[in-house]
Structure formats: C-alpha cells, structure tokens
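Trainee: just need the structure, nothing else, for what follows:
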Amino acid sequence: MRDYFMGKESFVPSKLEKISDVFDFCKEHNVKFVDIKFMDFPGLWQHFTIPISEFSEDIFENGLGFDGSSIRGWRSINQSDLLVIPDFTTAMLDPFNILPTLSLIGNIYDPITHQPYNRDPRNIASKAEKYLVQAGVGDTAYFGPEGEFFIFDDIRYGQGLNEGYYFIDSVEGVWNTGREENPNLGYKPRMKEGYFPVPPTDSQQNLRSEMADLMLRCGLDVEAQHHEVATAGQAEIDMRYNKLRHQADSFMLYKYIVKNVARAHNKTATFMPKPLFGDNGSGMHTHVSIWSDGKNLFHDASDEYAGLSDFARYFIGGLLEHARAISAIVSPTVNSYRRLVPGYEAPVYLVWSRSNRSAAVRIPAYEVYNHDSKRVEYRPPDPSTNPYLAFIAIVAAGLDGIKRKIDPGDPVDENVYEMGEVKRKELGIKELPATLKEALDELENDNGFLREFIPRETIEVYIELKRKEYIEVTSRPSVIDYYFYLTV
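Mentor: This next block holds a predicted model:
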C-alpha cells in the first residue's frame, strides 16, 4: 500500500496544547485505532495497538500494562510487569496504516512505584535534559544527526549449522554493469563516486524526495536529501537541529518513514553501518551545540582558527577523552567496527580539526563565523545506535570536559589517514577501539562521567547485553573464513 493519505498536507495536529486536543484530533479524522510506540534498550521501536473505544484520558495518567520481560534488556520474568504512559505531545496520524490510526510515543513506568523506569532510553533522555540545567552549564543541548542508509532491491541471508551466506543486489550496484536487464542502460555509480551525481546516475532522487516529503508532513524539519558516496543506493536525508529528546524522537520517526516508504516500493532500507565490502559505510555524523538563554556557548568571534569558545574546546576535550568508552554506545554493533577502518571517510583517529573529515571531531569550516550555527560535529556515531543513548553519551562526555577543563590539544589539519604510524605516535594520536569487545572493555573501565545521566545498573545491563551480542556474532564462521583458512 502506497497511499499515504493522498492529498493530506499534514499528519500532525494543528493545535496540540493539552490532552483534550488529542481527542478532538481523533474525532476530526475518524480515528479507529491508537498505536503506542516505545523504545527498547538496544534501540528499536516496539508497539501495540488498541481500538479507539479503549482510548481514554485515564491512559495518560495511569498508562497501559505490558510484559517487560519480552523486551531485550528489561525485566526478568518474575518481575515482568511495566506500564507505558503515552506522551500526548507526540500525537500524529500514522501514514502507513490503512485504517485511520493515531500514533503516540510512550514513556515506561514501574507499576508499583509509578516512577520512570530506569532502562527506558526516553526517560533517561528527559533526565539528561534536566541535569543539563541543574549543572548550570547551559539550558539546552541541540543535536543534528546526519543519518545515512542504503536502499537495496534484494537482500538474502541465512545462517545454519552447515551454511552461512548473504547476497545483496541493487540496480545501482556497480557490479551490475554487465547484467542482462533487458536492456541494461548503465548509469551505475562507480565505487566511492556516489556523492552528488544527478539523475539518471542517481536513480533514487524521486524515492528520497518521497521520503523527505512524508517526513515534512509528519512534522520533521528536513534540510536536504542526496545520494551518498557508496554505489548501490546509499542515501542521506538531513534534519534541522533540535533539542536532545525531541531529536531522538524525530530520528526514530525518520527511520520508521525511510523503512516503510522503501518497503512500499518493494525495496529494503537498512541502517546497518557496513553492508558492502570495499565501499563506504553509513555513519550518523552528529552535530551538537550547548546554549544558555538564547546564546550559543560554543561561539567566540575572537577565535581566528574556528570561532570556538574555550567552553567548546573543553567540550571537545571531553569528547576525545571519553571517545573510546562512548564508542560502545554510539557505535554499538559488531558491524559498526567494519565501518570504522581507515580509507572510507570513517573517523578512526581521535583528533579535532576545522573542516578535516579524517578527524573524529570536525568544526564545519563554512560555519566558522556564524554564531547561530557554531557547532561541533562528532563523526564516529553510526545509525545503528540508540539515538537517545548516543546523544546522552556525547553530551555527558563533553560536559565532563567542561567540568575538568580538558584541553583537546592542537587541531590536526593533515589527512590523518596518510600520516605514518611513527608521526601519529609522536603526536600522541589515539585510535577508536577496533572491535565492539574492546569498546565494551573501555566503557566498563570508564563510565563515571555517565552516571549523572545513566544509572550504573543500567550501564552494566547494557554492557552485559552487548557482550552476549558480540559472542553470538563472532562465534560463527563467516564467508571469509573459508577464503583464508579452508586449505590450512
């Protein structure tokens, strides 16, 4: 189904100041069902749906019960009950349902204490925003993630006792220049040459525009869309910066729209960081700034290098100091570390710079003297992350740098990938972890700076969950094992 309520200009209410506005909106659009979405610990939306006859104002106070033991990383079976209480400010019509359906994002609560559940990423994000104000270092953290993803025409994979394989295909794939397509018209982006070609080489212009148009109609602030570097349908749609929790909500809706629009076109969209060997992976370069009373605390016009304040430099110092630890959160999968290798525009080396895309922290050069747009771009994150936890980890590391006045050192304007190892050692340049296991070890040893934001017990559960995932993935033979080791 690819109707998206044709002719409807917006899926969000024109007025949403109180709970009663939600019910007026339901009546206006003859809503039949209410879909309640919430965030699991690793970073996927979960949901369930109730008929409109079961929807009442009481739900916004007392919530709805569900089995928390069936959600990864949450309750044990003997203490499984949890509540979800929807946030009325997130109300919108779900564009992908045949029958009119109201969509709401919920927060998770303990049914006994009625307190926010400490493993709900959205609750943790709300706590982080409050702490930012209480700490007296600013009143608002703005985030702007650049979400990259691939759109494929065919994906097949399997894993059994005696077999394991994957196969990916795309009409844009450079490997299909000689395929019988009756006729094959060419126009396949070459490896690492997918950045900004016009149609017909960019065959997904209309598809991305359809995604962006639906995002706009769902209340997201879209700035641009374009083809990305890799062959085979790599894409990016950029959203305007927004506050921490709101932007995390928006990024989850962004992914929901991308996947469902692709599905409506009989394609698969994936935010897997490195689906293709030998070409660029998908990152989520994250722009961040801290503001207070309408003033951007990262800007200082007297700084001739990058227009940065000392406040911003200390923030960068904290990011670089804790980068190896927060890698386990912002690059949270085994596959993430197949992206974080030199040569594919992925940041590996822990340096900062103006404009330099080989640095982990970049200050966009075209915004050097712009007060409103002054920001720090943190390049290691990828879109497989839980955005709530990723944004929290970034701001926590940066605030620790401000608190301790951590000097980030001199900027590095050279291409760090092309530096020799000897020079990198002379400059004391550190690297990101090479594996998820290494990143989890770092997080286990360096998480004190996070505890004002994420409870220690929650960090421990996260590490345990990800260690199990690491073992599950790495204990299986891969295709390349046979290439290297069959004849040993």
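
Trainee: how about residues contacting stretch 442-451?
Mentor: Stretch 442-451 is contacted from outside by 318, 322, 324-329, 392-393, 396-397, 399-400, 433, 456, 459, 463, using C-beta atoms under 8 Å, 6 or more residues apart in numbering. C-betas here are computed from N, CA, C, even on glycine.

Trainee: brain fart, stretch 382-389
Mentor: 39, 41-43, 121-122, 124-125, 145, 147-149, 245, 247-248, 251-252, 255, 271-273, 281-284, 329-333, 335-336, 339, 454, 462.

Trainee: now stretch 17-32
Mentor: By C-beta under 8 Å, 6+ apart, stretch 17-32 touches 13, 15-16, 34, 51-52, 55, 57, 60, 88, 91, 93, 99-102, 104.

Trainee: please narrow the residues you listed to those residing in strands.
Mentor: V34, P51, F88, A91, L93, T101, L102, L104 (DSSP state E).

Trainee: which of these sit farthest apart?
Mentor: Spatial extent of these (C-beta to C-beta) is set by the pair P51 and F88 at 18.6 Å.

Trainee: between these two, which one's more packed in?
Mentor: Counted by other C-beta atoms under 10 Å, P51 and F88 do not tie: F88 has more neighbours, with 20 against 10.

Trainee: surely that one touches P13?
Mentor: No: with contacts counted by C-beta atoms under 8 Å, F88 stays clear of P13, the gap being 9.8 Å.

Trainee: can you give me the neighbour number for the closest residue to F96 other than its chain neighbours?
Mentor: Nearest in space to F96, with sequence neighbours left out and distances taken as C-beta to C-beta, 6 or more residues apart in numbering, is N260 at 4.8 Å. Neighbour count of N260, defined by other C-beta under 10 Å: 18.

Trainee: how about E457?
Mentor: With other C-beta under 10 Å as criterion, E457 counts 10.

Trainee: any buried residues in the helix or strand harbouring it, and which?
Mentor: Assessed by DSSP states H and E, E457 sits inside helix 456-474. Across helix 456-474, burial judged by 16 or more other C-beta atoms under 10 Å covers T458, I459, V461, Y462, I463, L465, K466, R467, E469, Y470.

Trainee: possible to save these as a markdown table with pLDDT?
Mentor: What follows is those, written out as a markdown table (pLDDT from 0 to 100):
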| residue | pLDDT |
| --- | --- |
| T458 | 93 |
| I459 | 95 |
| V461 | 94 |
| Y462 | 95 |
| I463 | 97 |
| L465 | 95 |
| K466 | 96 |
| R467 | 97 |
| E469 | 95 |
| Y470 | 97 |
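
Trainee: out of these, who's nearest Y344?
Mentor: Nearest member of the buried residues of helix 456-474 to Y344, counting by C-beta to C-beta, is Y470, at 22.1 Å.

Trainee: returning to what we had before: so the residue nearest to F96 versus D441, what's the distance?
Mentor: Distance from N260 to D441, counting by C-beta to C-beta, to the nearest Å: 37 Å.

Trainee: model confidence score at Y195, please.
Mentor: With respect to pLDDT, Y195 scores 89.

Trainee: oh, that last question was meant for G278, not what I typed.
Mentor: In this model, G278 carries a pLDDT of 89.

Trainee: my guess is it meets W175, correct?
Mentor: No: at 10.4 Å, G278 and W175 do not qualify as touching, with contact defined as C-beta under 8 Å.

Trainee: ok so, going back, identify the farthest-apart pair in the buried residues of helix 456-474.
Mentor: Largest pairwise distance in the buried residues of helix 456-474, by C-beta to C-beta, is 18.7 Å, between T458 and Y470.

Trainee: does the most centrally placed residue in the chain count as helix, strand or coil?
Mentor: A centroid search over the chain (C-alpha atoms, centre = their mean) returns P383, at 3.8 Å, as the residue closest to the centre. Using DSSP: H, G, I helix; E, B strand; the rest coil, the three-state assignment for P383 comes out as coil.

Trainee: tell me which residues touch the spatially closest residue to it that is not a sequence neighbour, please.
Mentor: Spatial nearest neighbour of P383, chain neighbours left out: F271 (3.9 Å); criterion: C-beta to C-beta, 6+ apart. Residues in contact with F271 (C-beta under 8 Å, 6+ apart) are G147, E148, F149, K255, S282, D382, P383, S384.
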